[in-house]
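# Provided below for reference: sequence and predicted model.
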Amino acid sequence: MSKVVVGMSGGVDSSVAAHLLKQQGHEVIGVTMQIWQDEDICSLEENGGCCGQSAVNDARRVASSLEIPYYVMNFKKEFRENVIDYFTEEYLSGRTPNPCIACNRYVKWEALLNRSMAIGADYIATGHYARVEQLENGRYALRRSSTLAKDQTYALYNLTQEQLKRTLMPVGAYSKDEIRSIAAEIGLLVADKPDSQDICFVPDGDYASFIKENTDQQIRPGNFVSPEGKVLGQHKGIIHYTVGQRKGLGLALGYPAFVLEIRPESNEIVVGTYEESLTNVVRAEHVNFMSVETLTEPKRVFAKIRYNHKGAWCTVEKDGKDSIVCCFEEPQRAVTPGQALVLYDGDYVLGGGTIR
């Protein structure tokens, strides 16, 4: 019998994951990761988040009803360093971060896995909609969820082989409706709890205010400029914008304007037309290969350039030791530095990297 530590967020997915693993005969231990920095805000947070006091309360009640041990583990330091500091620094550098990907890689997996192994666990498990499989080549890879509408493999592309080897994801074989139905059948109080939507540490969605509170850097206004360098107006600070943005620019140019580039060194934001926001070529760095050890030749794959991107076909090849370049068959809009480029070979994650 394997000992499994389940990361419990207080939501229906991780709750049912714990139930399914217990049904399979595992020794299950429920753990909620305490990651929020401010206890007052934590206690005020009521709905949807994965790190507030309500999450702890719900997870504890679920663990009690499932009759499994339950603990709260403190990961504030790891979350501060790997998620909040990264989030702030990326925006100040003119990039658009994906904090959930960083949290998955360095907190929900690296930190939780290390802590779990230290207490004798064989695996960790989560309520993500994805599947872990070992391929014929011996490597571990993520397979898309059986319900593509809920698939979460995009946000998990940078998990390591050792992490995947020690991970169970029982929810990936079910649809969301099936998971809620299971929760209702066994009487879980979270059966109808709504999914969390926003970044958990910025529940009001005001990223700029959060960044200002978490940096000593002065956020200065600067110029909107055309690709040719013509000044078109003034922006209120680069942290307020992201590549591809159209709304909220406050520019009257006679045509819809899109953010094309953010230049922190000159404090300029380049704007242009819709056509100018399109590109066929996407480069990425800090690459993590998953279903293969590396690429030895160009390969046609299906790729996503952001979480809610429907995906598109491209040819990928290595562009250096730790970078790749993708040539898309159709032009893509709003290719955003800092976001993830994730590659799929059929149902499996081939790998991915950070768009540069």
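Happy to help now that I have it. Computed from a prediction, not measured in an experiment: that's the story for all the values here.
# any chance you could map the helices in the chain?
For the chain, applying DSSP state H gives helices covering 12-23, 39-44, 53-66, 76-79, 85-92, 99-103, 112-118, 161-165, 176-185, 207-213.
# and these, which one is worst for confidence?
Comparing mean pLDDT across those, the weakest is helix 39-44, with a mean of 46.
# ok, now which ones touch residue 130?
142-145, 151-153, 156, 169, 172 (Cβ atoms under 8 Å, 6 or more residues apart in numbering). C-beta coordinates here come from the backbone N, C-alpha and C atoms, glycine included.
# Among the residues you listed, which are located in strands?
Judged by DSSP state E, the contacts of residue 130 include 142-144 as members of strands.
# ok, back up a step: could you look over the helices of the chain and pick the most buried one?
helix 12-23 (a mean of 24; mean count of other Cβ atoms under 10 Å).
# List the contacts of that helix.
4, 6-8, 28, 30, 58-59, 62-63, 66, 68, 125-129, 168-171, 174, 179-180, 182-183, 186, 188, 190-193.
# 7 Å instead, please
Contacts of helix 12-23 with the rest of the structure, by Cβ atoms under 7 Å, 6 or more residues apart in numbering, involve 4, 6-8, 28, 30, 62, 66, 68, 125-127, 168, 170-171, 179-180, 182-183, 186, 188, 190-191, 193.
# just stretch 142-157 next, same as before
100-101, 104, 128-133, 172-176, 288, 290, 304, 307, 340, 342, 347-349, 351-352.
# And stretch 224-236, by the same measure?
Stretch 224-236 has contacts (Cβ under 7 Å, 6+ apart) with 221-223, 241, 250-251, 253, 260, 268-272, 276.
# where's residue 123 relative to residue 4, distance?
5 Å (Cβ to Cβ, to the nearest Å).
# that older thread, can you redo the contacts of stretch 224-236 as TSV with pLDDT?
Shown next, in TSV, are the contacts of stretch 224-236 (pLDDT from 0 to 100):
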residue	pLDDT
221	97
222	97
223	98
241	96
250	92
251	95
253	94
260	98
268	98
269	98
270	98
271	98
272	97
276	96
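# Give the PyMOL command for selecting the buried subset of those residues.
Buried residues among the contacts of stretch 224-236 (16 or more other Cβ atoms under 10 Å), as a PyMOL selection:
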select buried, resi 222+223+241+260+268+269+270+271+272
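# Give me the common contacts of residue 123 and residue 4.
Common contacts of residue 123 and residue 4 (Cβ under 7 Å, 6+ apart): residue 168.
# who's more crowded, these two?
residue 4 (26 against 19; other Cβ atoms under 10 Å).
# What residues does the more buried one make contact with?
For residue 4, counting by Cβ under 7 Å, 6+ apart, the contacting residues are 21, 26-28, 121-123, 125, 168.
# same question, residue 98
Neighbouring residues of residue 98 by Cβ under 7 Å, 6+ apart: 339-340.
# Repeat the analysis, applying 8 Å as the threshold.
Going by Cβ under 8 Å, 6+ apart, residue 98 touches 155, 307, 338-340.
# do the same with residue 94
Applying Cβ under 8 Å, 6+ apart, the residues contacting residue 94 are 238, 262-264, 337.
# Just give me the closest of those to residue 35.
Proximity to residue 35 was ranked across the contacts of residue 94 by Cβ to Cβ; first place goes to residue 337, at 26.0 Å.
# Count the residues that sit near the closest residue to the closest one other than its chain neighbours.
Nearest non-adjacent residue to residue 337, counting by Cβ to Cβ, 6 or more residues apart in numbering: residue 95, 4.6 Å away. Close neighbours of residue 95, defined as other Cβ under 10 Å, add up to 21.
# What of residue 298?
The number of residues packed near residue 298 is 12, by other Cβ under 10 Å.
# circling back to that earlier point, I'd like to know which of the contacts of residue 4 are buried.
21, 26-28, 121, 123, 125, 168.
# one step back: rebuild the contacts of stretch 224-236 as CSV, extending it with distance to residue 312.
Converted to CSV, the contacts of stretch 224-236 look like this (distance: Cβ to Cβ, whole Å):
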residue, distance to residue 312
221, 36
222, 33
223, 33
241, 24
250, 31
251, 29
253, 29
260, 20
268, 30
269, 26
270, 24
271, 24
272, 21
276, 19
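# for the contacts of stretch 224-236, which one is nearest residue 282?
Nearest to residue 282 among the contacts of stretch 224-236, with distances taken as Cβ to Cβ, is residue 260, at 14.5 Å.
# Looks like the closest one contacts residue 276 (just checking).
Yes. If you go by Cβ atoms under 8 Å, residue 260 and residue 276 touch, sitting 5.9 Å apart.
# Residue 1: neighbour count?
8.
# Next: residue 244.
17.
# and it, what is it in contact with?
By Cβ under 8 Å, 6+ apart, residue 244 lies in contact with 258-259, 277, 333-336.
# What separation do you get for it and residue 29?
42 Å.
# As JSON lines, the helices of the chain with distance to residue 320 would be great.
Formatted as JSON lines, the helices of the chain follow (distance: least, Cβ to Cβ, whole Å):
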{"stretch": "helix 12-23", "distance to residue 320": "38"}
{"stretch": "helix 39-44", "distance to residue 320": "42"}
{"stretch": "helix 53-66", "distance to residue 320": "41"}
{"stretch": "helix 76-79", "distance to residue 320": "30"}
{"stretch": "helix 85-92", "distance to residue 320": "21"}
{"stretch": "helix 99-103", "distance to residue 320": "22"}
{"stretch": "helix 112-118", "distance to residue 320": "30"}
{"stretch": "helix 161-165", "distance to residue 320": "22"}
{"stretch": "helix 176-185", "distance to residue 320": "40"}
{"stretch": "helix 207-213", "distance to residue 320": "31"}
